[in-house]
Structures are given as structure tokens and as C-alpha cells.
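Asks: After the sequence you'll find the predicted model.
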Amino acid sequence: MSMSLDVHELPSVAGEQVAGKRVLVRVDFNVPLDDDGMIADDTRIAASLPTIEYLVQEDATVILMSHLGRPKGVRDERLSLHQVADRLSELLERPVGFVHDCVGEEVEAAVRDANPGDVLLLENTRFHAEDSANDPEFARQLARLGDLFVNDAFGTVHRANASTAGVAKYIPAVTGFLLERELQQLGHLVDAPNRPFTCIVGGLKVTDKIGVLESLVSHADAVLVGGAMAFTFLKAKGASTGASFVEDGEGVELARRIIELAEEEECTLMLPVDVVVAPKLAEDQETQVVPADAIPDGLMGLDIGPRTRMLYEARIADAHTVFWNGPMGVFEIEDFADGTRAIADAVAANPGFTVIGGGDSVAAANQFRVAERIGHISTGGGASLALLEGEALPGIEAIREAPQ
Ligand code: ADP
Ligand code: MG
């Protein structure tokens, strides 16, 4: 793709003397919450353990910060990181001190009182609007808490926030182990992937994923399209899409552009040939399989059909490198889960280098229990797509430009 990732040129926490230092670590504890507001999945907390455990072992004072949800600059107890501190403590098997804010007097005192080997978690950085605004004064206040900044939050590396980028203007900055691994693994897709390189792209919107679609079509040998976005592509090709979710106007225009680009770039762009339809997006509907270009009025396409599954499986089996983002259907409902399950199994069965990225796609991989057989599961949805697009990543740029 347009850029190459010089992961090796980035300073890593492994190369730092951290003993006795206060190390400010940006982690991604933006965990999904269930209807009762409890942690629904702690994968992201678990993923941060290697860096935290390393720093504890090396006798650093570990100060963790993260955002959770979108409180938009106001304190919202439902989005407090308090319960995350408890879960982290269980996983680490050591106490984690929770600090009720992320900047200010109380926080500075807590950090001053902490000893080497202690772990502190600061409150949600987005309780302050200055975090998302990348406010320099707020970043300076954060920077005061540490001698060294470690960015281990891959999921927010594409955002220029005070806690992901701004803080690195004031203190030396390095990558953590999770961030390093993400860059290395995703870097294999960007730098000379083994061919054939096949991508599967699904999920909701063409307009959301236009950048990555352009990039994948330009660099992969085949792009297999599924999910709701397939209907925008089918519409662009003149198909009757019934009541399927279609992004009329701009979406159809963009889909047309991708179809043309694929031809120019000699990328095989595959669209569904059959789809599972139902009268509405709900459980216990009467379903049927129809040709993808002739969906009857009043019916919506909610999964790829069995012939499409077979064609896609065969393509995936032939590939040496596979990247998958976006479910093939509404996999949350069993009647529309077969397409996504088939792709998950096919990616897992591929002996080459396989990567899954995207919040819902990773959830699907977990639901269908294939995660262990995947080469790399990216913890960052938007970030992994931004990286594949070749966008500059503010969190990475900030590390490169930090004072050393
Ligand atoms: P990811 O998080 O992996 O990038 P997206 O957020 O783009 O994926 O899309 C995931 C959502 O798309 C899922 O909630 C899924 O139910 C929905 N979806 C997939 N196919 C369809 C479809 N045919 N119609 C409506 N929604 C769909
Ligand atoms: Mg999603």
C-alpha cells in the first residue's frame, strides 16, 4: 500500500531504562459494556497485560490512562473506569490503585505517593473535553505525571488526542508491546504480502470503508464483498435490491468507483451471487435464498447465500495472505449467521498469514470460536483500517517526534 511501516525505527519500551521511573501508559480500556453497565468482554484489558507486567517487573511506577465510551467532556459515572481497575487487578493478581480524575492536584499527589512496582489507573480521560480536542495545556498536565510516555493503545492510534499524541510533545515517548505487535503484524499486509492476497470486506457501510476499499482493491489480488455493503455494490451494478439496506446516492457512486478501480488494478472484485432474504431484520422470520441480482420487493438481504459461501471459501482456500473485515450478514441472529460462520471457518483453515480486524468481525471470530487459529486478531477496528488505508497515524507520528 502507499506507505511502508518502519516499525523498527520506532523506539520501544523494551529499549528503555524504566527502573524507578514514573511511566505514563496510554492503554485502550474502551471495553464493551452490557445492558447493566458491566464489562461485557475484557479482551482489551487482557491485551494490555504484557506491557504492564513488564513495567512492574522492571520496577517502574505504572500510571495507566484510557478513555471509555463517549462521555463528551462530562463526568458520567456509568463510564467510570472504576470497575476496569478491579478487573485489571484480578487479571494482574496485584492491587491497582484507582484515581478519581486524570489531571489535577489529587492526581499529582497520588502519583507522587506511589512506589516503584505500583500500578495506578486514572479516571476516563474523556471526562475532559480537552482530551479529544488535543488541548496542549491538558496534554502538559498529563505529561507532568510521568517521566516517560508509553503508547500501548492501538485502538486510538489514529486519533490525535491529548492522551494519545499531545502528551508526547513534553516527555519521551515509546511504543508498548501491544502497539508494537499490531504494527508488525498489520505491517505484513502492507509490505509485500505473500500472494495471492485475498481480502474479505463486509459490514454496514461503503461510505465508512471507502478508504480501505480503495486501498485493498489497489493492492490485493481479490476482494470479496459481503454484508449490507454488498447491496450498495449490487445496486451500482443495476440489480434489484428489494428492501435491503442500500446507501443510495453517494454510496452507490462510491461503489461504482470501486468497481472501476478494481478493473484498472486487475483485482478480482467478487459480489454475492445469492443471498438469504427475509421480510425484516428480526428473529423467527421466514427466510429464503434468492439470486443476488433479483431480490423481490419487500424482502431484505441479510446474509450471503450458500453458492456465494462456496465461491468465497474456494478463493480463501487458495490465498497465501488473508485479511477479513466486516461480517457477511447479520450474524447476531442465527438465521443470518451462516455466511459469517463460513468465512470465519475458511479464514481459520487457511494455513497462510491471516488477519481479522474490526470490532464486529472480531466478535464474530470469538463467537464462532476460531480466534485461536487466526494469525493475528487486531484489537483496533478503525485503527487497523486507517493503517491499511495508509493514513498517517497521529499516535505514531507523535512518538517519532517526541523529545528523547
Ligand atoms: P466491523 O465492526 O467488523 O468493521 P461493521 O461495523 O461495518 O463491521 O458492521 C457490522 C454490522 O453490520 C453487524 O452488526 C451486522 O449485523 C451488520 N450487517 C451485516 N450484514 C448486514 C445486512 N445484510 N443488513 C443489515 N445489517 C448487516
Ligand atoms: Mg462495527
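Replies: Yes, it's here. Numbering: from 1, shown residues only. Ligands and ions are numbered 1, 2, ... in the order given.

Asks: alpha carbons only for contacts and neighbour counts from here, please
Replies: OK.

Asks: Ligand 2 versus the residue lying closest to E123 once chain neighbours are set aside, what's the distance?
Replies: Once flanking residues are discounted, E123 sits nearest to D101: 4.6 Å by C-alpha to C-alpha, 6 or more residues apart in numbering. Distance of D101 to ligand 2, computed by C-alpha to the ion, to the nearest Å: 29 Å.

Asks: what's near enough to touch D101?
Replies: V107, L122, E123, N124, T125 (C-alpha atoms under 8 Å, 6 or more residues apart in numbering).

Asks: just E250 next, same as before
Replies: Applying C-alpha under 8 Å, 6+ apart, the residues near E250 are T207.

Asks: Same check on G37?
Replies: R78.

Asks: switch the cut-off to 10 Å
Replies: R78, L79, Q83 (C-alpha atoms under 10 Å, 6 or more residues apart in numbering).

Asks: Got a quick ChimeraX command for the buried subset of those residues?
Replies: Buried subset of the contacts of G37, written as a ChimeraX selection, criterion 16 or more other C-alpha atoms under 10 Å:
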select :79
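
Asks: So which of the contacts of G37 is the closest to ligand 1?
Replies: Among the contacts of G37, L79 lies closest to ligand 1 (C-alpha to the nearest ligand atom), at 21.0 Å.

Asks: which residue sits closest to the closest residue to ligand 2 within the stretch 101-250 of the chain in space, ignoring its chain neighbours?
Replies: Relative to ligand 2, the nearest point of the stretch 101-250 of the chain is G203 (7.2 Å; C-alpha to the ion). Leaving out its chain neighbours, the residue that sits closest to G203 by C-alpha to C-alpha, 6+ apart is G326, at 4.1 Å.

Asks: and if you look at D34?
Replies: Spatial nearest neighbour of D34, excluding adjacent residues (C-alpha to C-alpha, 6+ apart): A40 at 5.1 Å.

Asks: And K237, by the same measure?
Replies: Nearest one to K237, counting by C-alpha to C-alpha, 6+ apart, is R256 at 7.6 Å.

Asks: Mind telling me what element the one you found is part of?
Replies: Using DSSP states H and E, R256 sits in helix 250-264.

Asks: helix or strand right after that helix?
Replies: Downstream of helix 250-264, the next assigned helix or strand under DSSP H and E is strand 268-270.

Asks: ok so, going back, top of the contacts of D101 by neighbour count?
Replies: Ranked by neighbour count (other C-alpha atoms under 10 Å), those have N124 at the top, with 29 neighbours.

Asks: so who does that residue touch?
Replies: 29-30, 65-71, 73, 75-77, 79-82, 99-102, 131.

Asks: H100 too?
Replies: By C-alpha under 10 Å, 6+ apart, the contact set of H100 is S80, L81, H82, E106, V107, L121, L122, E123, N124.

Asks: same deal with A337?
Replies: By C-alpha under 10 Å, 6+ apart, the contact list for A337 reads L302, D303, I304, P327, M328, G329, V330, F331, A364, F368.

Asks: Inside helices: which ones of these?
Replies: A364 (DSSP state H).

Asks: so can I have TSV of the contacts of A337 showing pLDDT and neighbour count?
Replies: Below are the contacts of A337 laid out as TSV (pLDDT from 0 to 100; neighbours: other C-alpha atoms under 10 Å):
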residue	pLDDT	neighbour count
L302	98	30
D303	98	30
I304	98	32
P327	97	32
M328	98	34
G329	98	29
V330	98	23
F331	97	22
A364	95	21
F368	97	15
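
Asks: Can you tell me which of the contacts of A337 is closest to G390?
Replies: P327 (22.6 Å; C-alpha to C-alpha).

Asks: wait, isn't that closest one in contact with Q367?
Replies: No - between P327 and Q367 there is no contact under C-alpha atoms under 10 Å: 11.9 Å.

Asks: Give me the common contacts of these two.
Replies: Common contacts of P327 and Q367 (C-alpha under 10 Å, 6+ apart): R341, A344, S361.

Asks: Give me the subset of those that also touch ligand 2.
Replies: On the criterion C-alpha under 5 Å from the ion, none of the entries of the shared contacts of P327 and Q367 sits beside ligand 2.

Asks: ok, so of those, who is nearest ligand 1?
Replies: Comparing the shared contacts of P327 and Q367 against ligand 1 with C-alpha to the nearest ligand atom places S361 closest, at 3.7 Å.

Asks: Next, count neighbours for the residue lying closest to V27 once chain neighbours are set aside.
Replies: Once flanking residues are discounted, V27 sits nearest to A153: 4.5 Å by C-alpha to C-alpha, 6+ apart. The number of residues packed near A153 is 30, by other C-alpha under 10 Å.
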